[in-house]
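Chemist: Take a look and give me a structure for this.
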Amino acid sequence: MSDSVAIAAVTATLRTLVQGEITHEGGNPLVTTLPPDKAQAFDKADGWVNLFLYHTQINPAWRNKDLPRQVKPNETGYPPMGLDLYYLLTAYEKLDNDPLLLAHRLLGRAMLVLHDHPVLSAAEIRAVTPKNDLADQIERLRVTPVTLPLEELSKLWMIFQTGYRISAAYQVSVVLIDSRRASRAPLPVLSRGQDDRGAIAQGDLIPPFPAIEDVRLVHPITGELQSMERRVSFELGDKLALLGHHFGLDEGDMSKVTLTVRLSTQRLNQPQDLAVAAGDATDQQITVQIPNDPANFPAGFYTVSVLVTPNGKPEEVRTTNEWSLLLAPQITNPMPPPPVARVNIVDGLGEATINLTCAPDVRPEQRVALALGDREVRAEPHANQTSALAFVAKKIGAGTFRVRLRVDGVDSHIVDFTDPEKPQFLASQQVTIT
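Modeler: Next comes the predicted model:
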C-alpha cells in the first residue's frame, strides 16, 4: 500500500529504467517528464526521451474492494484508491543531427525497455524511491502498451498545442493508494444477547421495535381521531395522536417506560421535546398537545418521533421512525379586517397595504407570503422575530379576496371541514380592498 506520492514514484521508476538503457545509443541522452509543448523546446542534450503522464483513471476492479489481510471479518474498512496511469513516450533530437535518426533509435530503445519490464519489480521501485512503500503493495505494477487510433492520437496532440511527434502510449496498472480514513475493528463477541440465548424468533411480520404508523388530529370536543387527508396541517394548541406499536416495548407495560415526543425542524437549533403524561399513552397510541408557544414553535415542516426509555435505564432508550408533520400559521388579528384603501390608483389599479398579525412568530430567515385570491404577495422585510407582518399588493383592483398566510410553504387554514360532505371556505379569511 502507498500514499499519494505513489504516482510520482511510478513516474520516477519508469524514467530511471529508460534512462539506464538509452545511454547505450550514445550522445548522453536524457529522459524528461515535461508536458509535450515544453519537451519540444528542451535542448540540453543531443537527444532526449519524454515520458509524459497524460491521463489517470480510477480502476473499477478495485473501487469497492477491501484489502486482504487488512480488513478481517466483522471489521469495517475503506478500500484503497486504485489508479490506472497513462503515459505518452516521445523521442526528440536537435535539428542539426541526422533527421529523426537519433530520435528513432531512442524511441526504439525506450520501447524495448518497457517491453522487457512488463511488471515493475519491488526491487526496481525501491531502488528509485526507498522512502515510499509503493514497492510493498500486494498488487504488482503492470506496464501495458496502449494502441491509440490515429484520430485519438491527433486529438491528444491538438490538446498539447504543439507539433506532432511519433509516440507510443502505455498504461501502468494498478497503483493502490491507502485511504486515510481509519478502519473500525470491534472486539470479538463473547455472548449473543442476555444469557447467550442468541437471536429471538418472532412469529409475525410486525417488527419488535417501537414505530409510528400514522398521525391523527384529536377533536378538541369529542376526542374523536380525525384523518389528516383533508386538513393536512396542525396548529398551535392542537392535540395529536400518534398511532403505532411497541410504545411499551416488548412487554407493553406502560408503567415501565417513559415516553418523550420529539418535534424537529431546521428552523430550530435543538428539537422540542414534549413529555407524555402516564394516562395519555398505550402500547399503540400516544396523545400529546402541541404547546401554544408562538415564540418557540415556528410554522413550517417538522418531523415527529418518540423516544421510549425504560425506567432507570436511560442508556437503553429506543427511538421510533420519524413522521412528517406540518405546523400551519394562523392569522390572529380580527378577520375580516376593515376595508383596505388603495393609493396611487392608475387606470383602476392601485397599491394596497395589508397589515396582519399571526402566530407562531415569524423569523427573519423564513419565507413568508400572503395568498391574496389567486396571487401571491411577499411580506415586507423584517429584521427580527415578529408576529406583525405587512404586505404591499401592487397593481390590484378593488374587490373582496380570500387570504391565506403562507410560511415556509405551509398555508393557514381556509377551509371549514365541520361538515365533511360539504366543505366551505371560512368566511372570516378574506379582506376587502376599496
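
Chemist: can we go C-alpha only for contacts and neighbour counts from here?
Modeler: Noted.

Chemist: pLDDT score assigned to the residue positioned nearest the centre of the chain?
Modeler: The chain has residue 266 as the residue nearest its centroid, 16.0 Å off, counting by C-alpha atoms, centre = their mean. With respect to pLDDT, residue 266 has a value of 93.

Chemist: Now do the contacts for it.
Modeler: Counting by C-alpha atoms under 8 Å, 6 or more residues apart in numbering, residue 266 touches residue 302.

Chemist: Just list the residues touching the closest residue to residue 258 other than its chain neighbours, thanks.
Modeler: Distances taken as C-alpha to C-alpha, 6 or more residues apart in numbering place residue 309 nearest to residue 258, at 5.2 Å, with adjacent residues excluded. Residue 309 is in contact with 257-259, 316-318, counting by C-alpha under 8 Å, 6+ apart.

Chemist: Pull up the pairing partners for the strand or helix carrying residue 309, direction included.
Modeler: Using DSSP states H and E, residue 309 sits within strand 300-310. Using DSSP bridges, strand 300-310 pairs in its sheet with strand 257-264 (antiparallel), strand 318-319 (antiparallel), strand 323-327 (antiparallel).

Chemist: how far does that strand sit from the chain's center?
Modeler: Centroid separation between strand 300-310 and its chain, computed with C-alpha atoms, centre = their mean, to the nearest Å, is 23 Å.

Chemist: re the thing from before, ok, the residue nearest to residue 258 to residue 303 distance?
Modeler: 19 Å (C-alpha to C-alpha, to the nearest Å).

Chemist: next one: residue 331
Modeler: Distance from residue 331 to residue 303, by C-alpha to C-alpha: 23 Å.

Chemist: neighbour-wise, which of these two wins?
Modeler: Per other C-alpha atoms under 10 Å, whichever of residue 331 and residue 303 has more neighbours is residue 331, with 19 against 16.

Chemist: Show the contacting residues for the more buried one.
Modeler: Contacts of residue 331 by C-alpha under 8 Å, 6+ apart are 356-359, 405, 412.

Chemist: Of the residues you listed, just say which sits nearest to residue 22.
Modeler: residue 405 (80.8 Å; C-alpha to C-alpha).

Chemist: Who does the helix or strand in which the closest one is found pair with, and is each partner parallel or antiparallel?
Modeler: Using DSSP H and E, residue 405 maps to strand 399-407. Sheet pairing of strand 399-407 (DSSP bridges) gives strand 368-372 (antiparallel), strand 410-411 (antiparallel), strand 430-433 (antiparallel).

Chemist: The nearest residue to residue 186 once chain neighbours are set aside: neighbouring residues, count only.
Modeler: Distances taken as C-alpha to C-alpha, 6+ apart place residue 75 nearest to residue 186, at 6.6 Å, with adjacent residues excluded. Counted with other C-alpha under 10 Å, the neighbours of residue 75 add up to 12.

Chemist: can I assume residue 75 is in contact with residue 182?
Modeler: No: in this structure, residue 75 is not within contact of residue 182 by C-alpha atoms under 8 Å, at 11.1 Å.

Chemist: isn't there a strand covering residue 286?
Modeler: Yes: using DSSP: H, G, I helix; E, B strand; the rest coil, the assignment for residue 286 is a strand.

Chemist: and it, what are its bridge partners?
Modeler: Beta bridges link residue 286 to residue 242, residue 281 when assigned by DSSP bridges.

Chemist: In contact with it: list those residues for me.
Modeler: Per C-alpha under 8 Å, 6+ apart, neighbours of residue 286: 241-243, 276, 280.

Chemist: Out of the strands paired with strand 399-407, flag the one nearest residue 161.
Modeler: strand 368-372 (55.1 Å).
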